[in-house]
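> Provide a 3D model corresponding to the input given below.
(3 chains)
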Amino acid sequence: MSSANPPVNDTATMQRMEQAQSMKAIVFRQFLDHRLAVVGAVIIAFLLTTALCAPLISALTGLSPESQNVGARYLLPFQKAVIPSDQREIAMEQWINAHPGEAAVLQKALIERNLATGDEEEALYDVVTRDIVEAKQGLQAIRDLPGGDELVKMSQGWERFHVFGTDEIGRDVFIRLIYGARVSIGVGLLVAFASGMIGFLIGSLAGFYGGLIDAFLMRVTDALLSLPIFPVLIVFAAIDLNKIPWLSSLIGGEHESIFKMVMILCLFSWMTVARLVRGSILSLREREFILAARTLGARDRTIIARHLFPNVIAPMIVAITLGVGESILFEAALSFLGLGIMPPAASWGNMLNNAQEVIYNNIWLAVLPGLMILITVVSFNFLGDGLQDAMDPKSIRR
Amino acid sequence: MLTYILRRVLQTLVVIALLSYVVFTLMALMPGDPVEMMIASNPKITAEDIVRLREFYGLDQPAWKRYANWVGTISQGDLGYSRTYRVPVMELMGPRLLNTLILSVCALSFSLLVGITLGVLSALKPGGRLDSFFSVFSFAGISIPSFWLGIMLIIVFSVKLGWFPAGGTQTIGMEGASWYREFFDRGWYLVLPVMSLSIQQIGTFMRYARSAMMEVLRLDFIRTAKAKGLSRGRVLWKHAFRNALIPLITIAALSLSNVFSGAILTETVFSYQGVGKLVYDSIIANDFNVAMVSFIISVSMVLMMNLVADILYGFADPRISYS
Amino acid sequence: MKYLWTCLAMSLALPAFAAPDNSELKIGISQEFENMNPLIMSMMATTYMSRLVGRALVTLDADNRWVPQLAKDIPSLEKGTAKIVEAGGKKKIVAHWEILDKANWGDGTPMTCADFAFAREVALSPTVSVGERETFGLVEKIDWDPKTPKKCTFTYEKARWDFYQLPQFYPLPKHVEGPVFEKYGKQKEGYEKNSNYVKAPTTPGLYNGPYVISEVKLGDHVTFTPNAHFYGEKAKIRKIIVKLISNTGTMEANLRSGTIDMVSSLGLALDQAIAFEKKAKAEALPFTVLYTPSSTYEHIDINLDTPALKDVRVRKALLHGINREDLVKALFEGRQSAAYHFISPKDPWYTTDPGYVTTYRYSKRLAQKLLDEAGWKVGPDGYRVKDGKRLSFVFMTTSGNKTRELVQTYLQEQWKQLGIEVLIKNEPAKVFFGETTRKRKFAGLVMFAWVSAPESNPRSTLSSKSIPSSKNGWAGQNISGWVNPEVDQAIEAIDLEFDAKKRLQYAHELQKHYTADVPVLPMFYRSDISVIPKNLKNYRMTGHQFAETNEAEKWTLE
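Got it, this is the predicted structure:
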């Protein structure tokens, strides 16, 4: 950074340079040098926070990923929509059930003030199901009474602003993108970590024991690596896991499609890590500290977990980071083909599922989710690249 | 050398055989069979019809038995019969295989051309402005969902601008026309699919070309060549590039697997009549014979390319021996 | 290169719509097609095209009437051209069909009774994989006098009033296909693999419609040219190309670029059509978008074995809780109509008489009252509970069908407002139809559609004998598992009833039970949509499975 060419007479700098730096500090400093990686990390942090705060954002904005509005389909970005009258009616009913006393007073007042006609019990419903402007006016007129203020506040939520517009059934695209981030990035992270672990296990077994085990495991790895991944994924995604009894009990329920997706992707993405780990362990195996551990009577699994794992963690982190991006892409592609995450759960891929059919109705429905995928995957790839540069012992720059 | 090739061929065949069995059983795990599809589309089918048809297609037998039967007919040179199109698989596959080959080869050569050129250019001045721009570009290329890029290309170039067809393989009635008109017509339909299929490979090739080139440029013989007073272009292309090419051969052959995988999505997005789309369609429609054959053909092609890559590598680099 | 630039220049010069004329019409379809063998084909797109090249004895026309095509007249008991006979203690029908004198195959060979008998022989052969044999099996035998080869006597195995409805009894050209069947008929699948429809599909002798096929490219397009030996009026359009554009999203781009001139009824989704219609109006494009209510009935079957759904009050609440009129208006802009029961409004059997049909008007509060009565009380989380169990069920349909998914999410939200938890689980069509519905493996609701011809017996969908189970080999489409003895009786009686008035009575009876018991939630009737060039005349959509191509010879572009 700025200390790349320090003036020699600067004693403070000299001192700092002479001080031994911890590995972590070096890695961190080098990572900061990779500007794009830093940008990537910031974007990822932002996306992750947003995804984690999805329920909070939903509560704050009053938007929900599942609430629809058939009166406002295919809205372009930056437009307002009014929620349909039946939803207003239901909201009213819930309020009345919660506040029966106040409601009775209000309803009476409505009739008395000639704001509503007919049955007293129906007065509030009558008001709220009118045209939005009238409904608001009606509630405004009883604001002075107890509970009236609350209702006026409630009515403000009936008009919704859609930053990114709405989809084919009037759901807000913005909030769906946020919930989609949870699924898409979640699947990506889960797959990358899980397959990283599988890869480590297989790689270390092969590297540590060598011989027949190694030969067998590596043949399998090579065979899987050489397959055209997509046709294979389609076959797997198309099979019905319920036909395998022990699996169906494991993954049943609402999120079945998400679990299935994670499992399938894990099956085919551990190979890179496995080869990487095997390579490192082959060389580590012969080193003195392993010999020392063994002489001290350490068991194989202790050696693998305690001594070998910390030594291969750096390349694994890089591989896992790059794997996240790849998994997100695969998830998106499978969901795009209709073989992935099932509605109504939103994922960026399934939001694109009918993108081609809607480009004439609302072009943004096709553009935005893809853009999110692109941004996220690019960020993870930059991050991975930055980590690789920073952690590669050969490239340590002092 | 010969024993090495033989061993590899044998290995590849074993992988294909194993894989075909695995996939066959997996497909048996797929819900629904052709008869069930027929029932769904025709409420008038009776219980007797169902029993008759299931027996007819041999669906009442266990998976391994069906696999054995299938291998039996395949080895006689009969690829079977498509339940969806109701034609022999052979007739269905031929033209589509050719179409996919054309698409893949075009995409591969285009991405090699662009990727290597850009990679070499950025290796000339590492850290320069051009290099950082290309680096962002290559990252974007690797990270972009190719099917989405395809949709975006359709929106821009065929819906908004109307420059290229939105999908398809060629204009009807072009087949009888003169060969160059047919040629250009096909090319016209290929532009967008090739672009969307190439983008990821371009990114990959750029990165590999750049690092390979940088490695070579650091070597002594380059310095010697420069010291001899050879022209810059000569040093670059004659000496450095030729040496950087060796690792690229492998990468290129290996990436055929990626191109082939990607072709499924590209062909689906652009309604291009190729094997990739056939793999997808036949799996979705439960067209057993077609799914198996097209799957195995695509896998074999990729595995064979890997083999060719290894062998080529041996020829390109005399230091490697296969004893 | 020059050509390249010409192309560029041409495409830049959009939109210069050249109105199509009678020299050529290019039709876009979005569904795959197979070979054109009339006995083997099962895909919608093939059926669509097959009517350009082949006709049957009778068909249902655009006005929902049975009309003769290859036959001179439809035999009937009144005219004396058909009669009921007793043979071996069973009632049978003998009918006289006479083939048109002018009915020929595309190579000029006259069509005779032998071609029908041959079709029957092939269809019933154990080595040929014909999907549905019922049509052919109903006819016990076909006789004719060699001196009058066009006068056929059909003997039917049962005395059913609808014996003359043989729209799928296609003739098969014996002079072309006979040798193939003789040679390969013994092998399993030998005939269909070697049939001329596969090996030489451009042989004119295979076809008898207004057109013959001059080129086939599977998965891409089929080219049709007029048949010189057609029995009816000569086709006006000199070349029809049906082009497959499997991606409906690009259908519009193809229409605009002139790759196709029109979109068939197997093309656009409703949403796309509505969007396109608006743009076509705004930009004054030379296209008309046509909507025809069809007999495709979208409905939600309830698995009556699900404990919560056994209670008819819950089922009624489900219906009261949804606003079908609003749904149709909001989602389809009124282009499709809400359904009250399984019979389509175009069917003579249709009724809305409140004496028979119970209609369920939209009322959330009525629905809630019914649920309260049934013992399902709203819990603290807003969902209804009874005996500690939440009122919750799975709602399934085919994934990838946008309209259904749209309706599904809409309904999920509506029912959620009643305190009912609806879990959506969608499956690809083959899983859905192959396993889930066929074996009744669903605990809750399934949404799908079926098409039925007018006045057709709902035996396969409503009879208790048609409840799929392992005992009957999973045959039948009574997915709900509805058992109603009176319905069963009416279904059995209706086939053998020759009095139209009495049949109507039975039909009304069926509608009465159907709407009172609510084994199925009726949703809406689909509309058939097509986009045609403004100058296409005499084009009528039918709204049923016998597509508009039945009148293709009348189409003209002026």
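
> switch to C-alpha atoms for all contacts and neighbour counts from now on
Fine.

> got the contact list for the residue nearest to C:F287 when sequence neighbours are not counted?
Of all residues beyond its chain neighbours, the one nearest C:F287 is C:P533 (4.5 Å), with distances taken as Cα to Cα, 6 or more residues apart in numbering or on different chains. Contact analysis of C:P533 by Cα atoms under 8 Å, 6 or more residues apart in numbering or on different chains lists C:A19, C:P20, C:D261, C:M262, C:P286, C:F287, C:T288.

> could you rerun that using 7 Å?
C:D261, C:M262, C:P286, C:F287, C:T288 (Cα atoms under 7 Å, 6 or more residues apart in numbering or on different chains).

> what's the burial count for the residue of the stretch 101-250 of chain A found nearest chain B?
Closest approach between the stretch 101-250 of chain A and chain B, counting by Cα to the nearest Cα: A:I239, at 4.1 Å. Look at A:I239: counted by other Cα atoms under 10 Å in any protein chain shown, it has 20 neighbours.

> any idea how far chain C is from it?
9 Å (Cα to the nearest Cα, to the nearest Å).

> that residue and B:T25 touch, don't they?
No: using Cα atoms under 7 Å, A:I239 makes no contact with B:T25, being 10.2 Å away.

> what strands flank the lengthiest strand in chain C, and is each parallel or antiparallel?
Determined from DSSP state E, the single longest strand within chain C is strand C:287-302. Paired neighbours of strand C:287-302 in the sheet (DSSP bridges): strand C:444-451 (antiparallel), strand C:520-533 (antiparallel).

> run through who's touching the helix or strand following it.
Remark: after strand C:287-302, the chain's next helix or strand is helix C:312-320, criterion DSSP states H and E. Here helix C:312-320 makes contact (Cα under 7 Å, 6+ apart) with C:309, C:360-364, C:366-368, C:370-371, C:374, C:517-518, C:521.

> the helix or strand harbouring C:F116 near chain B at all?
C:F116 belongs to helix C:113-124 when elements are defined using DSSP H and E. No: on the criterion Cα under 7 Å from any Cα of the partner chain, helix C:113-124 is out of touch with chain B, staying 10.8 Å away.

> ok, the nearest residue to the residue of the stretch 101-250 of chain A closest to chain B once chain neighbours are set aside - how many residues close by?
Leaving aside its sequence neighbours, A:I239 sits nearest to B:M30 (Cα to Cα, 6+ apart; 4.1 Å). Residues lying near B:M30 (other Cα under 10 Å) number 25.

> before we move on, back to that, check the strands paired with strand C:287-302 for me: which has the lowest mean pLDDT.
Comparing mean pLDDT across the strands paired with strand C:287-302, the weakest is strand C:444-451, with a mean of 89.

> distance between the next helix-or-strand element following it and the chain's centre?
For strand C:444-451, the following helix or strand on the C-terminal side (DSSP H and E) is helix C:459-462. Distance, stretch centre to chain centre, for helix C:459-462: 16 Å (Cα atoms, centre = their mean, to the nearest Å).

> output the contacting helices and strands for helix C:459-462.
If contacts are counted by 3 or more Cα pairs under 7 Å, 6 or more residues apart in numbering or on different chains; DSSP states H and E, helix C:459-462 sits against no helix or strand.

> which other helices and strands does the strand or helix carrying B:T117 contact?
In the assignment (DSSP H and E), B:T117 maps to helix B:89-124. Packed against helix B:89-124 by the contact rule (3+ Cα pairs under 7 Å, 6+ apart) you find helix B:129-143, helix B:179-217, helix B:275-284.

> one more pass at 6 Å, please.
Packing partners of helix B:89-124 (3 or more Cα pairs under 6 Å, 6 or more residues apart in numbering or on different chains; DSSP states H and E): helix B:179-217.
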